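Colleague: sequence and predicted model, in that order:
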Amino acid sequence: MKELWDLFVAFFIPGIVGYGGGPASIPLVEHEVVKNYGFMTTNEFGEVLALANALPGPIATKMAGYIGFEVAGTLGSIVALFATIVPSLLAMILLLGLLTKYKDSPKVKRITTYVRPIIAVLMGFLTFQFFDTSVESAGWIQTIFLVIVSLLLLEKYRVHPAWVVAGSLVYGAVFLS
């Protein structure tokens, strides 16, 4: 029962404070799942994140379902999904009137403008953590190779990120396992 409560809290807190959707809450989920509760290692979290990015749909719910299942089976998956969805659902119900009234307000737009750089910094920090973990587990050569190939595929050849993530997963399975 404690595991289920811990799962609920681990996904409810990022849902409450993770303004900006799934990508904004990824560092918060990582902090709760890896550091606070120790459900998985940073490397395992990176693998779950890569898998969640490769699949269609909202990233936060995919991660919650998978991590919940790994920790406490089907019931854990349901609890983690519920905890991920409830904050947004409650906010939508409670704040619907305010949102429609102030959606074009300059103050609201300014707040959104201020939050975006913070999300970018959190995502950058998470990227450096994953890079460091990758170097520790796969080594410099493999990590630099994957970074350069991914950058070329994404920027020069405009390959969809899901294909790059899927290719990286295949590469890791074949050459790094």
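Modeller: Structure received.
Colleague: helices of this protein, start to end?
Modeller: Counting by DSSP state H, one finds helices in the chain at the ranges 2-17, 22-30, 42-54, 59-102, 106-138, 140-151, 161-175.
Colleague: would JSON lines of these with mean neighbour count be doable?
Modeller: No exception for glycine: its C-beta is placed from N, CA and C like everyone else's. Output for these, formatted as JSON lines (neighbours: other CB atoms under 10 Å):
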{"stretch": "helix 2-17", "mean neighbour count": "19"}
{"stretch": "helix 22-30", "mean neighbour count": "22"}
{"stretch": "helix 42-54", "mean neighbour count": "18"}
{"stretch": "helix 59-102", "mean neighbour count": "17"}
{"stretch": "helix 106-138", "mean neighbour count": "13"}
{"stretch": "helix 140-151", "mean neighbour count": "14"}
{"stretch": "helix 161-175", "mean neighbour count": "14"}
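Colleague: in terms of mean pLDDT, which of those ranks lowest?
Modeller: Note on those: lowest mean pLDDT is at helix 22-30, with a mean of 84.
Colleague: residue 36 is nearest to which of the helices of the chain?
Modeller: Across those, residue 36 has its closest neighbour in helix 2-17 (6.8 Å, CB to CB).
Colleague: so which elements touch that closest one?
Modeller: Counting contacts by 3 or more CB pairs under 8 Å, 6 or more residues apart in numbering; DSSP states H and E, helix 2-17 packs against helix 22-30, helix 59-102.
Colleague: I'd say residue 32 and residue 13 touch.
Modeller: Yes: using CB atoms under 8 Å, residue 32 is in contact with residue 13, at 6.1 Å.
Colleague: before we move on, the earlier item: switch the helices of the chain over to a markdown table; also include distance to residue 36.
Modeller: Below are the helices of the chain laid out as a markdown table (distance: least, CB to CB, whole Å):
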| stretch | distance to residue 36 |
| --- | --- |
| helix 2-17 | 7 |
| helix 22-30 | 10 |
| helix 42-54 | 12 |
| helix 59-102 | 13 |
| helix 106-138 | 15 |
| helix 140-151 | 27 |
| helix 161-175 | 26 |
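Colleague: for residue 66, which non-adjacent residue is spatially closest?
Modeller: residue 48 (5.7 Å; CB to CB, 6 or more residues apart in numbering).
Colleague: noted, bye for now.
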